[in-house]
Each structure stands twice: as C-alpha cells, then as structure tokens.
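J.: build me a model from this:
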Amino acid sequence: MARDGELWRHLQASLVRSAAGFGIAVSLAIPLGAAIAWYRPAREILTPPLEVFRNTAALALLPAFTLILGIGETSKIAIVTYACFFPILLSTITGVATVDPQLLRSARVLGLSPVTTFRKVVFPAAVPTIFTGIRISGAAAILVLIAAELIGATAGLGFLINYTQFNFLIPQMYAAILTTSALGLAVNYGLVGLERRFSRWRV
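T.: Reported below is the predicted structural model:
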C-alpha cells in the first residue's frame with residue numbers, strides 16, 4: 001500500500017483535514033482565552049457556559065454537524081475544530097489567570113505597560129499550560145477525525161479502516177490502524193518539540 005501510493009493518499013486526506021481543524025482552533029482559542037483570562041469579569045461570566053460546551057463530547061455532536069454541514073469536508077473540519085477548541089481555550093485561560101503574582105509585581109516595579117507586561121511576562125509564563133491543551137487537542141484532532149471519516153468519507157485513514165474491515169482485508173486494516181498510531185505519535189512528539197522551542201526560558 002505504501003509502494004503503490006494508496007496509503008499515502010489516505011494519510012494525506014486525514015492530515016489535511018486534521019491540520020485545518022487544529023489550525024483554526026489554535027488561531028481562535030489562544031487569543032480568545034488570553035482575552036478572557038486577562039479581564040476577570042469576562043472570565044467569571046464566560047467560564048460556566050464554556051465548561052458546559054467543554055463537557056459535551058465532540059462525537060456526540062457529529063450527527064448534528066453532518067446534518068447541518070453535510071457529509072463533505074466542511075463537517076469533518078468543523079468537528080475537529082470543535083474538539084480541539086475547548087482544551088486549548090481553557091488551558092489558555094488557566095495559564096494566563098494563574099501567572100505568578102510576583103512576576104506581575106516585578107513588571108509593575110519595572111514600569112512595564114500592560115501590553116508589554118502581557119507580551120513579555122504573562123504570555124511566556126503561560127506557554128507551558130497552553131501547550132498542555134494544545135497537546136490534548138493534537139491527539140483529539142486525530143481521534144475525532146478518524147471517527148468522522150467512518151461516516152460519509154471516500155478517503156482518509158478512518159475510511160480506509162472501515163472499508164478494509166467490511167471487505168475482510170485484514171492486513172490492510174492493520175496497516176491503516178498502525179499508520180494512525182504512528183501519526184498520533186508523530187504529532188505528539190512534534191508538539192513537544194515546539195513546546196521546548198517556545199519554553200527555552202525554563203530551566
């Protein structure tokens with residue numbers, strides 16, 4: 001399957017979908033989470049409804065996404081975005097809201113403006129916590145997409161697993177499963193490396 005290109009075709013389809021949903025979630029969740037955490041009234045108002053959505057499993061909403069957005073690419077990217085959004089959002093809120101007060105006092109003593117304090121002190125200190133949510137979302141992007149591809153897809157690792165199972169192509173089925181595991185492992189190690197790059201200030 002690797003030699004004839006079939007495996008890479010399905011892997012590419014899954015990678016494009018998961019990367020698109022994950023990228024959208026990161027670009028939305030981090031700025032929104034930082035804004036909510038930086039303004040305490042917003043955090044107190046918005047945290048309860050966010051917890052409700054966070055505890056609603058993405059796969060439970062898959063039929064609704066499919067019904068509203070169809071069985072094409074849009075619904076699959078949307079369900080990945082939903083699954084990835086809340087772990088990143090809540091970890092960003094936690095990371096920004098729990099920065100060491102001593103760091104904030106030091107920034108005030110040095111005369112830093114609020115914007116500079118956030119950029120130079122708060123956000124770097126929150127990066128390890130934010131990446132906890134990002135790594136959780138990286139795994140969710142793969143798992144949720146595989147489940148979504150079992151329904152109404154013509155390409156992707158989830159489709160390949162489902163297709164080979166129903167046609168009793170057992171070696172091909174295990175090849176797809178092992179490829180999915182390897183993909184998840186690669187995503188995790190890639191995010192760990194990215195976290196180390198952004199957290200070089202840590203001992």
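J.: before we move on, what SS does residue 152 have?
T.: With DSSP: H, G, I helix; E, B strand; the rest coil as the basis, residue 152 sits in coil.
J.: shouldn't it be in contact with residue 71?
T.: Yes. Judged on Cβ atoms under 8 Å, residue 152 makes contact with residue 71 at a distance of 3.2 Å. C-betas here are computed from N, CA, C, even on glycine.
J.: which neighbours do the two have in common?
T.: Taking Cβ atoms under 8 Å, 6 or more residues apart in numbering as the criterion, residue 152 and residue 71 do not both touch any residue.
J.: ok, for residue 172, nearest residue in space, not its chain neighbours?
T.: residue 164 (4.3 Å; Cβ to Cβ, 6 or more residues apart in numbering).
J.: for that neighbour, pull up the helix or strand it's in.
T.: Take DSSP states H and E as the rule and residue 164 turns out to sit in helix 157-166.
J.: helix or strand right after that helix?
T.: Past helix 157-166, the next helix or strand by DSSP H and E is helix 170-198.
J.: so what pLDDT did the residue nearest to the spatial centre of the chain get?
T.: For the chain, the residue sitting closest to the mean C-alpha position, by Cα atoms, centre = their mean, is residue 137 at 2.9 Å. pLDDT for residue 137: 93.
J.: name the residues of the helix or strand in which it is found that are buried.
T.: Using DSSP H and E, the element containing residue 137 is helix 123-149. For helix 123-149, a neighbour-count test (16 or more other Cβ atoms under 10 Å) marks 123-127, 129-149 as buried.
J.: select the longest helix from this protein.
T.: What stands out as the longest helix in the chain, according to DSSP state H, is helix 6-38.
J.: what comes into contact with the helix or strand bottoming out on mean pLDDT in the chain?
T.: Scoring the helices and strands of the chain by mean pLDDT, DSSP states H and E places helix 40-54 at the bottom, with a mean of 79. Applying Cβ under 8 Å, 6+ apart, the external contacts of helix 40-54 come out as 35-37, 86-87, 89-90, 93, 97.
J.: quick one on the thing from earlier: what mean pLDDT does the longest helix of the chain have?
T.: If you average the pLDDT over helix 6-38, you get 92.
J.: orientation of that helix relative to helix 170-198 in degrees?
T.: Relative orientation of helix 6-38 and helix 170-198, computed by axes from the mean of the first three to the mean of the last three Cα atoms, to 10 degrees: 40 degrees.
J.: fine by me, thanks again.
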